[in-house]
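[1] need a structure here:
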Amino acid sequence: MRWALVKVSLAVTAMVVVAFAVPLGLVIREMARDRAFSNAEREAAAVAPALSITTDRDQLERVVASAGSDAAMAVHIPAGDGSGALDIGERRAAAEDIAAVRKLGRASTSTVSGGSALLQPVALSTGEIAVVEVFVPESEVTNGVGTAWAVLAGVGVALILGSVAVADRLGVRMVRPAQRLVEGAHELGEGKLGARVPEEGPDELRLAAVAFNSMADQVVQLLANERELAADLSHRLRTPLTVLRLNAASLGDGPAAEQTRAAVEQLEREVDTIIRTARDAKPQTAAAGPGAGCDAAEVVRERMAFWSALAEDEGRKWRVAGADRPVRIPVARADLAAALDALLGNVFRHTAEGTAFAVDVHNGEDAVIVLVSDAGPGIPDPERAMARGRGSGSDGSTGLGLDIVRRLAESTGGDVRIGSSVLGGTEVRIWLQLDGRERAPRRRGHRGTVRRRRGPGRLTASFNRPRSLP
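    Numbering: from 1, shown residues only. Next up, the predicted model:
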């Protein structure tokens, strides 16, 4: 790129120099010619008054000598009454040229040996036309032209060398940002979605870097949206199916009720197949770029407001704790909403009506913990449940819910644990790590603290267990 810029600058500067220097040199040559012939015209004009008064040879020779070099000027007087033709000085122009000027009465130039001759007609007192010939040597016509061409050539070479030097410096300044842009494009093409380019260098490359970073953010967002669409099918499709199944269960007995329940079960199986297919085809994307995040407390309040209506219909008691103050986490809002909907959907799907549940948010110094607990029968084999979350789901479960939650936690460096809750059922703990981001300040009245356990890769927390539901 650097040498290409130098070549382009060399070619463009050379074209500009040629485009200006050549016409300027031609103009200078024409100016020198005009100057030489203007001097010749002045010399011829100095003789004209004498010719209009007298045609005496001696007097005319003195006038010619005073007007200019007698070797460069000649006067041709035609024959008149009682007098013959008179030529003063050396004649260089052809006789026919002199006769033509005398006949036309108009000045003219003719090419002679060693230069040019200016032929100027002058009217005599006798009415005849005399011709004053002024010799203009070639050296006078080209006087200063060579020097001017040499100066123009020197200026042109200096401009070319200067432009090459400037282009080389600009190339050096542009190569590094351009290389970074290329490297960033390669990294993004290899799937490194966190690749970004420093926004520096010339304005054009800086704008290109801004556009590249914006494009990379859009790619990350589009891939995240694709992942969300695949993973969030559990919420978007299974949630209304859960409501439909629960409503179908309340229809009682009868052929229509049995057909409705069978149709719902078949629809659930078809949805499970669609979700598994989408899950297998979804791209493996990285976490959202810098600056992504949401208020976990706000998302918890919003999703609990959604599920509370169904909870009231089924007579379930529910409680939310720790969501009264902002809790910033480094995950996208849609991802957290999908994870909460997956866990709450499991509560409604796998526990009996009237089973209580709770959601607790604990904000620590370097991590945020979200607890989803219920008073159901619990999960007898948590390890198998987590394995099912990785894709070995059984009938009636796609295994996507816990997988969504696990991927959400692991994208921050955290994890997911399943245990027993104080309500008597299952407790799913989502650990969202805040390392590498601005830590939230500790607040008074905090319901628990978060700390690290010694040892690599071990995360733990201590907090007060949530109170029993009223």
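[2] how far is the longest helix that the chain contains from where the chain is centred?
    Across the chain, the longest stretch assigned as helix under DSSP state H is helix 2-53. In terms of Cα atoms, centre = their mean, to the nearest Å, the centre of helix 2-53 is set 48 Å apart from its chain centre.
[3] what's it packed up against?
    With contacts taken as 3 or more Cβ pairs under 8 Å, 6 or more residues apart in numbering; DSSP states H and E, helix 2-53 sits against helix 57-67, strand 73-77, strand 115-123, strand 129-137, helix 138-141, helix 145-189. Bear in mind the C-beta positions are built from the backbone N, C-alpha and C, glycine included.
[4] any idea whether residue 323 is helix, strand or coil?
    coil (DSSP: H, G, I helix; E, B strand; the rest coil).
[5] Contacts only, for it.
    Residue 323 makes contact with 296-298, 300-301, 304, 359, 361, according to Cβ atoms under 8 Å, 6 or more residues apart in numbering.
[6] tell me which of these is nearest to residue 244?
    Nearest to residue 244, judged by Cβ to Cβ, of the contacts of residue 323 is residue 304 at 21.2 Å.
[7] Run through who's touching stretch 173-185.
    The contact list for stretch 173-185, computed with Cβ under 8 Å, 6+ apart, reads 1-2, 5, 195-198, 200-202, 205-206, 208-209, 212, 216.
[8] Need the max-distance pair from the contacts of residue 323.
    Using Cβ to Cβ, the contacts of residue 323 span at most 13.0 Å, a distance reached by 298 and 359.
[9] quick one: which of the two has more around it?
    Neighbour count, other Cβ atoms under 10 Å: between residue 298 and residue 359, residue 359 has more, with 24 against 14.
[10] looking at this, that one is in a helix?
    No: going by three-state DSSP, the assignment for residue 359 is strand, not a helix.
[11] just checking, it touches residue 370?
    Yes: if you go by Cβ atoms under 8 Å, residue 359 and residue 370 touch, sitting 7.1 Å apart.
[12] tell me the average confidence for stretch 27-43?
    Averaged over stretch 27-43, pLDDT sits at 82.
[13] Please read the previous query as pertaining to stretch 110-128.
    The pLDDT scores in stretch 110-128 average 82.
[14] same deal with stretch 156-175?
    77.
[15] Convert that stretch to CSV, retaining C-alpha atoms only.
    Extracted in CSV, the C-alpha atoms of stretch 156-175 (Å, rounded to 0.1, in the frame of the first residue of the first chain):
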residue,chain,number,x,y,z
GLY,A,156,9.2,20.0,-11.7
VAL,A,157,11.9,17.6,-10.4
ALA,A,158,11.7,19.3,-7.0
LEU,A,159,7.9,18.9,-6.9
ILE,A,160,8.1,15.3,-7.9
LEU,A,161,10.7,14.5,-5.3
GLY,A,162,8.8,16.4,-2.6
SER,A,163,5.5,14.7,-3.5
VAL,A,164,7.2,11.3,-3.3
ALA,A,165,8.7,12.1,0.1
VAL,A,166,5.3,13.3,1.4
ALA,A,167,3.5,10.3,-0.1
ASP,A,168,6.0,8.0,1.5
ARG,A,169,5.4,9.6,4.9
LEU,A,170,1.7,9.5,4.4
GLY,A,171,2.0,5.8,3.3
VAL,A,172,3.8,5.0,6.5
ARG,A,173,1.1,6.8,8.5
MET,A,174,-1.6,4.9,6.7
VAL,A,175,-0.1,1.5,6.5
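[16] So which of the contacts of residue 323 sit within helices?
    Members of the contacts of residue 323 lying in helices (criterion: DSSP H): 296-298, 300-301, 304.
[17] Most neighbours among the residues you listed, please name it.
    The ones in helices among the contacts of residue 323, ranked by neighbours (other Cβ under 10 Å): first place residue 296, 25 neighbours.
[18] Wait, it touches residue 327, no?
    Yes: applying Cβ under 8 Å, one finds residue 296 in contact with residue 327, separated by 4.3 Å.
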